[in-house]
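1. I'd like to go over a predicted model; first the sequence, then the structure.
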Amino acid sequence: MANKKTKRSVSTTVTPLEKAAVARAHGRTGTVEFKPDYSYVKQDLKRIGILASTFFVILVVLSFFLR
């Protein structure tokens, strides 16, 4: 039988400075900014405000007619 040759993996240790250098080279930094998009919440709140004020005005107008 033929002998099988296997490749050995060489483990190296990477220092934090080297990691930082690689991150800068790739345009990444150690911190990640969290910027959620809440534009849909603002739209929903605006819609709720408009509906609430509309219903309030309708109630006030109806109170004059029903007296």
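-> That came in fine, so what should we check first? Numbering: from 1, shown residues only.

2. Please count neighbours and contacts with C-alpha atoms only from this point.
-> Fine.

3. Let's verify Asn3: helix, strand, or coil?
-> Here Asn3 takes the coil state, with states given by DSSP: H, G, I helix; E, B strand; the rest coil.

4. I'd like the distance from the longest helix anywhere in the chain to the chain centre, please.
-> In terms of residue count, the longest helix belonging to the chain (DSSP state H) is helix 39-65. Mean C-alpha position of helix 39-65 versus that of the full chain (Cα atoms, centre = their mean, to the nearest Å) differs by 30 Å.

5. Could you pull up the mean pLDDT of that helix?
-> pLDDT averaged over helix 39-65 equals 97, rounded to a whole number.

6. Counting by contacts, list what whichever strand or helix holds Leu17 packs against.
-> According to DSSP states H and E, Leu17 maps onto helix 16-25. Of the remaining helices and strands, none touches helix 16-25 by 3 or more Cα pairs under 8 Å, 6 or more residues apart in numbering; DSSP states H and E.

7. Next one: Val14 from Ala20, what distance?
-> Val14 sits 10 Å away from Ala20 when distances are taken as Cα to Cα, to the nearest Å.

8. My error: substitute Leu59 in the last question.
-> The gap separating Leu59 from Ala20 is 64 Å, by Cα to Cα.

9. of the two, who's got more company?
-> For Leu59 versus Ala20, neighbours defined as other Cα atoms under 10 Å are more numerous around Ala20 (14 against 11).

10. where's the more buried one relative to Thr31, distance?
-> Using Cα to Cα, one gets 11 Å for the distance from Ala20 to Thr31.
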